[in-house]
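**Student:** Make a model of this:
(chains A and B)
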Amino acid sequence: MYRYDEFDATLVAERVTQFRGQVERRLNGELTEDQFKPLRLMNGLYLQLHAYMLRVAIPYGTLSSKQMRMLAHVARKYDRGYGHFTTRQNIQYNWPALVDVPDILDDLAKVEMHAIQTSGNCIRNVTSDQFSGAAAEEIEDPRPYAEMIRQWSTFHPEFSFLPRKFKIAITASENDRAAVKVHDIGLRLHRNEQGETGFEVVVGGGLGRTPYIGHTIRKFLPKEYLLSYLEAILRVYNSQGRRDNLYKARIKILVNAEGAESFAKLVEDEWAEIKGGDTDFPEEERRRIDAYFSPPPFETLSSESEGLEARRHGDVAFARWLRTNVADHKAPGYAVVSVSLKPIGGVPGDISDAQMETVADIAEEFSFDEIRATHEQNLVLPHVKKDDLFAVWSALKAAELATANIGLVSDIIACPGLDYCTLANTRSIPIAQRISERFADLDNQEDLGELKIKISGCINACGHHHVGHIGILGVDKKGEEFYQVTLGGSGAEDASLGEIAGRGLSSDEVVDAVEKLVSFYRKNRQDRERFLDTYRRLGAEPFKEALYAAA
Amino acid sequence: MPLLKLTGNGLAPALEEPLNEISLNEWRARRPMAVDATALCINNDASLAGIEGDIHQFKVIVLEFPTFKDGRAYSQARLLRERYNYAGDIRARGDILRDQLQYMVRCGFNVFEFKGEDTIDAAAALTEFSRAYQSAADKDAPIWRRRLAKAAAA
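**Tutor:** Reported below is the predicted structural model:
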């Protein structure tokens, strides 16, 4: 993991001091709320329906046990004993008092954490594959590049007042777990024909009111030029992105108005001017950052674990969890464990202070002190010995963190919705809870296979409904909560945008509707085809008919 | 309205000097005729492509912030300094807030039409961050270069 040196630590400390001053000026009336707003928003502090909300950055989703314990401490001391992991690998606290926020930031700084650029029209926390450094199929750990982007983008003087927020995601696997095609910039590390690794640069993807799959503007960017190329994209966007309409200000609108080719030319022309300048880190600095992400000292193990096999046969629930929540690791004898934050009937992404401490303890003992947050609002223990999987499962189970549902129908992404959010039209969390309860049976869920339900409580699409296999969008209809269903979306390597199925459904109807769709899929699937594949094979019509058929 | 100017010792109030301003469009329309203006005003939606001409005849270039949220002039300032080597004053006009001054200085602004009242406090804003990760139009070495220097010295 990256560790701060004196320079990183100084910047974060200076930020806390600055914000403490700003909060003081607000509390003693020197600053009005209007004047304070842009300042607090630069520090991840939102004013929600009932209280302030503080969003803490988890750069590229990587956490140490010590950091997780501090997140637990913050939840306990300053909040109501829980936190909420977000779709951008961050954590949110829903109930902090303004007067406490500088102290929270001080506490976070002690473990090299902060809330910098978790909001505002700037370059936000860079997200990455939660299996980075562990995934069997990965070609290289993408996190050193994510860390370089973090440094380059932190307090960037030119790009802190962009037309709109700006999100970058990076992956190094064929299996895209970082949703790179629906980000402002998506970066995919891959090998060219000469066997060199470099980036495919995808620009202009995004969800929200106007969803787009991103366009590849460069197939292969040599790695050493990553930052200057990003700087060129951001400069074109900062200069030419629309500022007259909040809803047309994201880079996706510019890219699609210009056309991807013409946008690419603007970027390439700008890049030609700045390439070779002072923006890219020199090799020594890249090597320094790389070194922090060296693999942990894996033992030389056989790829099979006898102890594990014995346990697998002895315990049905454990065996199920192995199938659903455990993935292949690049080191023989190790596995990647996903920790579900989607208990049946629970709030997606929520975790208590005690559970955070349990995860921290398990990671310290069994996963080289490392934890990851995922954009699907779960956690990951990236480096667990197969021999230890039973112990890890037992400890997770005791903390109610072992729900065997990763990627299944109850592993739902949901935005905070009207329970917290000022923008929401409808509630999202109760819909997620009711769907989860309807499909509570884990045998049934496993039989249904991969099925991604994503719920947004308004058109801003924080719950990623456009890329749900089944997406649910809350709309306000004359003061009543209604839900529109979209079908066939995907945020992965086979990215696509869901299509609206038809008329909106009442809160009472929506769970039945999901069940109808799922039943239709079960009847019509071929072999082990996923819901999404059946939908793509059969097309929208039969699913729509099934959805709106009279009961 | 106090005018703040960057000096060797930081930000200090400066006397307003009367500017003879000309807009970019007007200047372009009149070229190649000589103009007697001392200050060139550039809208923040103007492209600077092809501007290199003789911008150096102007003592001051004025860039605009219609609202603090509109950050286009940051890019314009960097281009003027870094690409077109403009060495005169770059003056920030419009919605200039204390907490943006450091970003502006890093992008190459050195004169500010500051609307706030507390100029001493505004000057203090420039020292809130002692270092920066990335290189920009200021001459301060980015953190990566400082790291290299430190490693070389060790």
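**Student:** care to break chain A down by domain?
**Tutor:** The record's domain split for chain A, according to automatic domain parsing, is A:6-110, A:142-292, A:306-398, A:413-548.
**Student:** Around chain A, pick out the residues from chain B.
**Tutor:** B:47, B:68-72, B:74-76, B:78, B:83, B:97, B:99-100, B:102-104, B:106-107, B:128-136, B:142-144, B:146-148, B:151 (C-beta under 8 Å from any C-beta of the partner chain). Where C-beta positions appear, they are placed from N, C-alpha and C, glycine not excepted.
**Student:** Could you check which residue of chain B lies nearest chain A?
**Tutor:** B:Gly71 (2.9 Å; C-beta to the nearest C-beta).
**Student:** Leaving aside the residues adjacent along the chain, what's closest to that residue?
**Tutor:** Spatial nearest neighbour of B:Gly71, chain neighbours left out: A:Phe161 (2.9 Å); criterion: C-beta to C-beta, 6 or more residues apart in numbering or on different chains.
**Student:** so the one you found makes contact with B:Asp70?
**Tutor:** Yes: in terms of C-beta atoms under 8 Å, A:Phe161 counts as a neighbour of B:Asp70; the distance is 6.8 Å.
**Student:** Those two: which has the busier surroundings?
**Tutor:** With neighbours defined as other C-beta atoms under 10 Å in any protein chain shown, A:Phe161 and B:Asp70 compare such that A:Phe161 has more, 23 against 19.
**Student:** what residue ranges in chain A are flagged as low confidence?
**Tutor:** A:550-551 (pLDDT under 70).
**Student:** Can you find the residue of it that comes nearest to chain B?
**Tutor:** Counting by C-beta to the nearest C-beta, chain A gets nearest chain B through A:Phe161, at 2.9 Å.
**Student:** Torsion angles phi and psi at A:Ser456?
**Tutor:** phi -120, psi 140 (degrees, to the nearest 10).
**Student:** Tell me where chain B has strands.
**Tutor:** In chain B, the strands defined using DSSP state E lie at B:3-7, B:10-14, B:21-23, B:39-42, B:60-65, B:89-94, B:111-113.
**Student:** Which one of these lies nearest to A:Gln240?
**Tutor:** Closest approach to A:Gln240 among the strands of chain B (C-beta to C-beta): strand B:39-42, 15.5 Å.
**Student:** Now do the closest one, average pLDDT.
**Tutor:** Averaged across strand B:39-42, pLDDT comes to 96.
**Student:** which helices and strands sit right next to it?
**Tutor:** Judged by 3 or more C-beta pairs under 8 Å, 6 or more residues apart in numbering or on different chains; DSSP states H and E, strand B:39-42 is in contact with strand B:21-23, helix B:24-30, strand B:60-65.
**Student:** can I get the ones you listed in JSON lines with mean neighbour count, mean pLDDT and distance to A:Cys458?
**Tutor:** Shown next, in JSON lines, are the helices and strands packed on strand B:39-42 (neighbours: other C-beta atoms under 10 Å in any protein chain shown; pLDDT from 0 to 100; distance: least, C-beta to C-beta, whole Å):
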{"stretch": "strand B:21-23", "mean neighbour count": "16", "mean pLDDT": "96", "distance to A:Cys458": "42"}
{"stretch": "helix B:24-30", "mean neighbour count": "14", "mean pLDDT": "91", "distance to A:Cys458": "41"}
{"stretch": "strand B:60-65", "mean neighbour count": "22", "mean pLDDT": "98", "distance to A:Cys458": "31"}
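**Student:** Relative to A:Thr197, which of the ones you listed is closest?
**Tutor:** That would be strand B:60-65 among the helices and strands packed on strand B:39-42, by C-beta to C-beta, at 40.3 Å.
**Student:** got the angle between that closest one and strand B:89-94?
**Tutor:** 30 degrees (axes from the mean of the first three to the mean of the last three C-alpha atoms, to 10 degrees).
**Student:** Compare the helices and strands packed on strand B:39-42 and report which one is nearest to A:Glu196.
**Tutor:** Closest among these, using C-beta to C-beta: strand B:60-65, at 41.2 Å.
**Student:** rewinding a little: any chance you could read off phi and psi for the residue nearest to B:Gly71?
**Tutor:** According to degrees, to the nearest 10, A:Phe161 has phi -130, psi 60.
**Student:** Contact partners for it?
**Tutor:** A:Asn121, A:Cys122, B:Phe68, B:Lys69, B:Asp70, B:Gly71, B:Tyr74, B:Gln100, B:Tyr103 (C-beta atoms under 8 Å, 6 or more residues apart in numbering or on different chains).
**Student:** which among the residues you listed gets closest to A:Ala424?
**Tutor:** When the contacts of A:Phe161 are compared against A:Ala424 (criterion: C-beta to C-beta), the nearest one is A:Asn121, at 20.9 Å.
**Student:** for the helix or strand bottoming out on mean pLDDT in chain B, packing partners?
**Tutor:** Least confident element among the helices and strands of chain B, by mean pLDDT, DSSP states H and E: helix B:119-125 (a mean of 89). The criterion is 3+ C-beta pairs under 8 Å, 6+ apart, and the helices and strands that helix B:119-125 contacts are strand B:3-7, strand B:10-14, helix B:101-107.
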